[in-house]
Every structure is written in C-alpha cells, then in structure tokens.
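>>> From the sequence below, what's the structure:
(one chain, ligands or ions: 1)
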Amino acid sequence: MGRTERGGVRDVSGAAGGAGAAPSRPATLRIHATVGVHPHHVNELVAGDYERLRELASHPRVVAYGEIGLDYVKEYSPAPLQRSHFAAQVELAQELGLPLVIHDREAHADTLAILRAAGSLASGGVMHCFSGDVALAEEVLELGFYISIPGVVTFKTAETMREAVARVPLERLLLETDGPFLAPVPYRGKRNEPAFLPWIAAKVAEIKGCSIDEVAQATTTNARRLFSLPPAAGAAK
Ligand SMILES: [Zn+2]
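Below is the predicted model of the structure:
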C-alpha cells in the first residue's frame with residue numbers, strides 16, 4: 001500500500017476475498033472492494049454461495065460486482081459453466097444495483113451476448129483489462145460501459161489496442177492499476193503495481209494528443225462516477 005501511495009494513487013478498488021474484511025481506514029488511502037466469482041473459480045461454487053455473495057456484495061464498501069465474465073484462454077472452469085454463472089451473477093449485480101467489472105479473455109462474442117441479454121444494465125460497468133480492437137470497443141461503448149486500459153498499451157506490439165484507445169472518448173476510459181503480468185514499459189516483465197499507472201497515462205495521453213494531467217483527471221472522474229466513490233480526501237470538492 002505504501003508503494004501504491006507513492007505512485008499518487010488514492011483510491012483502490014479491487015476483488016476481495018471477503019468483503020467483510022474490507023477495513024475502514026481513516027488515512028488518505030481508502031479501500032473499496034468488489035465482490036464476485038471469477039470465471040476461473042465458478043467450478044468451485046456450491047449450494048448457498050449465491051446467498052453469501054449477495055450478503056458480501058451488500059457491504060457499504062463494496063462498489064462493484066466482479067470480476068465476472070468468461071476466460072476461454074485458461075478455461076479452468078468449463079465454458080458452459082462459465083457462461084451460466086456469468087449470466088447469473090450479472091442478474092444478481094443488477095438486482096443489487098452494482099456496476100459490473102467484466103473479465104473477457106478470448107470470449108468477446110459470448111461476453112457481449114450475455115451482457116446484451118441481461119437487459120438495461122442500468123448501473124453500468126467496465127470491460128476491465130480490455131484486449132479487443134476498435135470493433136469491440138464500439139460494441140462496449142454502445143452498452144454504455146467504460147473501457148479499462150492495461151499496461152499492454154505501452155507494448156510495441158499493441159497497435160490494435162492503441163487504435164481502440166484512439167477511438168474511445170476520454171470520458172469512457174479507465175486505467176488498469178494492476179494485472180500482475182501487465183506492467184507497462186519500462187517495467188514490462190516486472191510485477192505490475194498501481195505505482196506504474198503514470199506510464200499508462202502517458203501513453204494514453206500520447207495517443208489522444210492531450211496532457212497526462214487531462215488523462216489523469218478524466219479517468220479519475222470516470223472511476224468516481226462508475227463506482228460512486230466519494231470525493232478525494234482533502235479535495236476541494
Ligand atoms: Zn481479469
């Protein structure tokens with residue numbers, strides 16, 4: 001957490017093992033949690049877990065439902081099971097009025113189909129660690145979702161992602177603070193951490209032809225809006 005703060009990162013949201021453990025910290029770094037069962041682990045769900053998820057997700061520090069979605073690269077859980085639990089969890093999140101944090105690896109079409117079938121998706125969501133192209137970005141924008149850009153955008157080979165970033169308005173972009181294997185250049189290959197965020201912001205600024213400050217402000221505002229986060233500690237407004 002100390003390293004996180006040195007990177008200038010103030011609010012942290014992320015998947016939590018148990019929301020009951022989300023501490024209330026009076027310090028400058030405020031912790032928020034998300035609750036959900038990742039596609040890798042849906043094969044471990046047992047009877048009663050949905051009631052437990054509902055309970056955990058109702059904690060006031062829980063700001064979103066996720067990561068949920070589909071992962072056809074690893075397929076640690078069988079794809080049909082991933083799809084049914086993804087759909088069921090989207091429904092639960094809608095009931096709870098929580099925005100969605102979506103994990104989609106090599107499963108773009110099915111991910112979109114399940115989200116579209118879910119109806120209004122009024123609380124919105126984010127396609128986290130976006131890995132698609134311009135066409136997918138447009139579909140995600142149409143859903144009203146945000147698109148979160150990982151450190152990959154700085155990789156030499158990531159031309160497709162840079163095209164997508166160019167297409168997505170700043171008002172709909174978020175920056176990915178983690179993804180242990182997705183550290184931006186010049187830290188590629190090292191364990192990623194939120195303190196590296198400025199390098200992702202710099203690349204996005206370069207693509208957008210704006211200042212790093214503008215990217216920082218827009219993505220911070222977007223995250224606050226999506227997750228209904230309180231104003232920054234010590235901020236004027
Ligand atoms: Zn993920």
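>>> where does the closest residue to Ala223 other than its chain neighbours fall, phi/psi-wise?
Leaving out its chain neighbours, the residue that sits closest to Ala223 by Cβ to Cβ, 6 or more residues apart in numbering is Leu174, at 5.7 Å. Using the backbone N, CA and C atoms, a C-beta is placed for each residue, glycine as well. In terms of degrees, to the nearest 10, the main-chain angles of Leu174 are phi -120, psi 160.
>>> again, but for Ile31
phi -100, psi 130.
>>> That one against His59, yeah?
No - between Ile31 and His59 there is no contact under Cβ atoms under 8 Å: 11.6 Å.
>>> Longest helix in the protein, please.
The helix that spans the most residues within the chain, counting by DSSP state H, is helix 79-96.
>>> On the three-state scheme, Val46 is what?
coil (DSSP: H, G, I helix; E, B strand; the rest coil).
>>> contacting residues around it?
Contact partners of Val46, counting by Cβ atoms under 8 Å, 6 or more residues apart in numbering, are absent.
>>> can you tell me how far it sits from Ala93?
As judged by Cβ to Cβ, to the nearest Å, Val46 and Ala93 stand 20 Å apart.
>>> Check Leu112 too.
17 Å.
>>> distance of Ala93 from Leu197?
From Ala93 over to Leu197 the distance is 26 Å, taken as Cβ to Cβ.
>>> Val101 too?
Distance of Val101 to Leu197, given as Cβ to Cβ: 17 Å.
>>> Those two: who's more crowded?
Val101 (29 against 22; other Cβ atoms under 10 Å).
>>> Can I take it that the more buried one is in a helix?
No - the assignment for Val101, made by three-state DSSP, is strand rather than a helix.
>>> How about the contacts made by the spatially closest residue to Ser77 that is not a sequence neighbour?
Of all residues not flanking Ser77 in the chain, Asn43 sits nearest, at 3.9 Å (Cβ to Cβ, 6+ apart). Each residue near Asn43 by Cβ under 8 Å, 6+ apart is listed here: 76-78, 81.
>>> Name all residues that make contact with Ile102.
66-69, 111, 115, 125-128, 145.
>>> Whichever of those end up buried, select them in PyMOL.
If you want just the buried ones from the contacts of Ile102 in PyMOL, going by 16 or more other Cβ atoms under 10 Å, the selection is:
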select buried, resi 66+67+68+69+111+115+125+126+127+128+145
